[in-house]
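Trainee: I would like the atomic coordinates for the input below:
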Amino acid sequence: PQGTMAFTGKYEFEGDENYDAFVQKIGLPSDKVEMGRNCKIVTEVVQNGNDFTWTQHFPGGRTTTNSFTVGKEAEMETMGGKKFKATVKMEDGKLIADFPNYLHTSEICGGKLVEISTSSGVVYKRTSKRIA
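Mentor: This next block holds a predicted model:
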């Protein structure tokens, strides 16, 4: 498969665009909005072929882990902590997931993890630099 192991690594939040507009659009509670703003999230990705474990470490010790296999339905957790089922697809080296109220894509671009979430025309982009 194309882009095998391309995602494996540890990435630290570097910057984002349109955070406030996006979290308002998806209805994130205000305490979560403040917690996520300029949050130095460390994202740890382990890729084994089409199997992924995607862990986000938040300051203060909270972590969220989503494990999934490309093309198979898996239970996932949203930014706001809601659980749902989704099937992650791989297209042109990008991972694409349909969350309940937004579309999320992830790709490795110039050694950085670039995540884009789109909800009703609002595009939120988060960039993280590789630290391991």
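Trainee: Pull out the buried residues from the helix or strand bottoming out on mean pLDDT in the chain.
Mentor: Of all helical and strand segments in the chain, the minimum by mean pLDDT, DSSP states H and E falls on helix 30-36, at a mean of 82. For helix 30-36, burial by neighbour count (16 or more other C-beta atoms under 10 Å) applies to Val33, Gly36. C-beta here means a position set from N, CA and C on the backbone, and glycine is covered the same way.
Trainee: helices and strands around the one helix or strand Val23 maps to, which ones?
Mentor: Counting by DSSP states H and E, the secondary-structure element that holds Val23 is helix 19-25. In terms of contacts (3 or more C-beta pairs under 8 Å, 6 or more residues apart in numbering; DSSP states H and E), helix 19-25 is packed against helix 30-36, strand 112-119, strand 122-130.
Trainee: quick one on the thing from earlier: just checking, which helix or strand succeeds the least confident helix or strand of the chain along the chain?
Mentor: Past helix 30-36, further along toward the C-terminus, the next helix or strand under DSSP H and E is strand 42-48.
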